[in-house]
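Colleague: Mind folding the following:
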Amino acid sequence: CYKQISNCDGTISDCTYVLEVEPENVKALVRRAQAFEAVEKYRYALQDVKQVLSMPFNSIGRVNYELCNGLQHRLNRVVAQLKKG
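Modeller: Prediction:
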């Protein structure tokens, strides 16, 4: 819901709550990673993406795998650029 109206802080908060109860909830991890990226918290986004990609493929599905794989590459580039200053 929050994601649709660009309330990234609300999305992060809601997804974090879900993840406290279900630490491997793929939907919550993906949405929170996207929200972290939107508020420029790239390292947190990368942590969530890496957690999803470490799960068995059949539990995350092709769509989430491809989404997270692309997101991981994009975030790695951003983090590398930020390190260069």
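Colleague: Which positions in the longest helix along the chain come out as buried?
Modeller: Counting residues, the longest helix in the chain under DSSP state H turns out to be helix 57-84. Residues I60, N64, L67, C68, L71, Q72, L75, V78 are the ones in helix 57-84 that count as buried (16 or more other C-beta atoms under 10 Å). Quick note: C-beta positions are derived from backbone N, CA and C, even for glycine.
Colleague: Distance to G85 for the residues you listed - can I get that in TSV?
Modeller: As requested, the buried residues of helix 57-84 are exported to TSV (distance: C-beta to C-beta, whole Å):
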residue	distance to G85
I60	35
N64	33
L67	29
C68	27
L71	23
Q72	22
L75	18
V78	13
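Colleague: Between which two of those residues is the distance greatest?
Modeller: Longest distance between any two of these is 22.6 Å, between I60 and V78; criterion C-beta to C-beta.
Colleague: circling back: save the buried residues of helix 57-84 as TSV, and put in pLDDT too.
Modeller: Below are those laid out as TSV (pLDDT from 0 to 100):
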residue	pLDDT
I60	95
N64	96
L67	96
C68	97
L71	96
Q72	97
L75	95
V78	93
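Colleague: and of the residues you listed, the nearest to R43?
Modeller: Of the buried residues of helix 57-84, the one sitting nearest to R43 (C-beta to C-beta) turns out to be L75, at 8.3 Å.
Colleague: Now for the spatially closest residue to that closest one that is not a sequence neighbour: which residues touch it?
Modeller: Take L75 and drop its neighbours on the chain: the residue closest to it by C-beta to C-beta, 6 or more residues apart in numbering is L46, 4.6 Å away. L46 is in contact with A33, Q72, L75, N76, V79, counting by C-beta atoms under 8 Å, 6 or more residues apart in numbering.
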